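In: how does the following fold in three dimensions:
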Amino acid sequence: MSPKAGLLYLSLADTRRLLAWREVIACLARAYERAGDPRAAPPRVVARSDGMWLRALTAISGTGACMGAKIIAKGRPNSADHFIALWDTASGALACLLDGKYVTAMRTAGTTAVAIDRIAHAGPLRVAILGSGREAQTHVQATAAVRTIASLAVYSPTRENRERFASRFSDELSIPCRAAETARAAVDGADLIIAAARSHDETPILQGAWLRPGVLVASIGSTVPEQREVDPEVVRRAHVIVADVPEEVAHETGDMMAARAAGVDFESRMIALSDLVCGREKVSQRVDDIVLFKSVGSGLQDIAVSELCLAKAREKGIGTVLPVGD
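Out: Numbers count the residues shown, from 1 in each chain. The predicted structure follows:
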């Protein structure tokens with residue numbers, strides 16, 4: 001991928017114009033199929049101090065055309081910003097800077113969809129979503145790109161938010177959607193539970209005692225030690241745990257750290273998403289098996305989707321050329 005003249009900047013609006021679900025999900029599946037050398041997507045690096053942190057994720061894309069880094073900055077307020085830089089591997093030149101917020105949302109939900117597509121049983125799914133924010137919204141959209149959703153239940157602590165969410169997706173997907181009064185009521189009868197909202201006080205929002213046999217749980221909201229989303233019983237009851245980054249999921253997420261502290265031995269039941277996608281491991285979810293997909297996000301995902309975004313931007317003439325070096 002030889003860069004054209006100048007450094008390209010892709011704004012949040014640009015990335016929204018360029019990325020579509022089916023392309024992103026296919027891109028991520030290809031990235032995991034090509035994943036081989038662990039040095040191409042090393043562990044994240046996190047700097048911390050007094051309620052703030054700076055996280056860096058780096059990777060060389062599976063195609064070998066780009067390498068890049070995403071930086072996530074969280075200040076003392078409970079919010080974070082994302083920034084991505086891509087370099088052309090042939091020349092070593094900085095090729096593109098991207099606003100990372102939409103890329104992050106798409107790669108997170110797209111990776112979950114890759115997992116769902118390979119784990120969930122065939123046929124329509126009754127889906128429960130815990131959360132009503134951006135990640136919850138994108139996860140419903142990504143799931144709908146790989147599976148037929150028969151019905152949707154949503155729980156969010158704020159009544160107006162969950163009712164607005166249910167109304168939106170009832171219209172968008174033309175399916176029955178209900179706003180549940182509690183998280184437990186939302187997950188009742190679900191085939192697929194997507195936990196996409198940590199509680200405000202970091203008390204787990206999903207309890208293992210609520211799970212019926214045969215359910216698939218996708219948990220994406222607890223990615224650092226301080227965060228909690230599912231309780232140790234969810235982890236204990238899981239027949240198999242599929243992780244996008246097993247080492248980080250096992251040792252750097254609050255949910256799994258709490259499970260270990262509670263005496264739950266889970267690492268023998270954990271497999272890598274890359275092994276599942278490549279066929280080195282198989283998950284045949286029997287009728288009574290509970291399967292947990294746990295995601296923290298990785299540079300592999302970020303750089304694969306950013307590379308796709310850059311290729312489409314060049315094709316369509318979208319973005320702003322920055323006068324670097326002038």
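In: give the next helix or strand downstream of whatever helix or strand T138 lives in.
Out: Assigned by DSSP states H and E, T138 falls within helix 134-146. Proceeding N to C from helix 134-146, the next assigned helix or strand is strand 149-155, under DSSP H and E.
In: list the beta-bridge partners for I84.
Out: With DSSP bridges as the criterion, I84 is bridged to K70, L98.
In: for it, what are its contacts?
Out: Applying CB atoms under 8 Å, 6 or more residues apart in numbering, we find I84 in contact with 68-71, 97-100, 103, 302-303, 306. Heads up, the C-betas are built off the backbone N, CA and C, glycines and all.
In: ok, D117 next?
Out: 25, 146-147.
In: now render the residues you listed as TSV, adding neighbour count, pLDDT and distance to V234.
Out: Compiled in TSV, these are given as follows (neighbours: other CB atoms under 10 Å; pLDDT from 0 to 100; distance: CB to CB, whole Å):
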residue	neighbour count	pLDDT	distance to V234
I25	23	98	25
V146	20	97	23
R147	20	96	21
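In: from the chain's centre, how far out does the helix or strand containing R314 sit?
Out: Assigned by DSSP H and E, R314 belongs to helix 299-316. The chain centre lies 17 Å from the centre of helix 299-316; the measure is CA atoms, centre = their mean, to the nearest Å.
In: now for the helix or strand following it, which elements pack on it?
Out: Reading on from helix 299-316 to the C-terminus, the next helix or strand found by DSSP H and E is strand 320-322. In terms of contacts (3 or more CB pairs under 8 Å, 6 or more residues apart in numbering; DSSP states H and E), strand 320-322 is packed against strand 7-10.
In: what's the strand it packs on packed up against?
Out: Going by 3+ CB pairs under 8 Å, 6+ apart, strand 7-10 lies up against strand 94-99, helix 299-316, strand 320-322.
In: quick check: buried residues in the shortest one?
Out: If I follow you right, that is strand 320-322. By neighbour count with 16 or more other CB atoms under 10 Å, strand 320-322 contains no buried residues.
In: partners of that strand, with directions?
Out: Sheet pairing of strand 320-322 (DSSP bridges) gives strand 7-10 (antiparallel).
In: next SSE downstream of the partner strand?
Out: Downstream of strand 7-10 (by DSSP H and E), the next one is helix 12-18.
In: contacts for the next helix or strand after that following helix?
Out: Note on helix 12-18: by DSSP H and E, the next helix or strand toward the C-terminus is helix 21-34. Identification of contacts with helix 21-34 by CB under 8 Å, 6+ apart yields 61-63, 106-107, 110-111, 113-114, 117, 141-142, 145-146, 273-274, 277-278, 300-301, 304-305, 308.
In: summarise which helices and strands the helix or strand containing R126 is packed against.
Out: Assigned by DSSP H and E, R126 belongs to strand 125-130. The contact analysis (3+ CB pairs under 8 Å, 6+ apart) places strand 125-130 against helix 134-146, strand 149-155, helix 183-187, strand 192-195.
In: could you give the angle of that strand to helix 134-146?
Out: 170 degrees (axes from the mean of the first three to the mean of the last three CA atoms, to 10 degrees).
In: just the mean pLDDT for strand 125-130, thanks.
Out: Averaged over strand 125-130, pLDDT sits at 98.
In: phi, psi of I60?
Out: phi -100, psi 130 (degrees, to the nearest 10).
In: how close does it get to I205?
Out: Per CB to CB, to the nearest Å, I60 is found 36 Å from I205.
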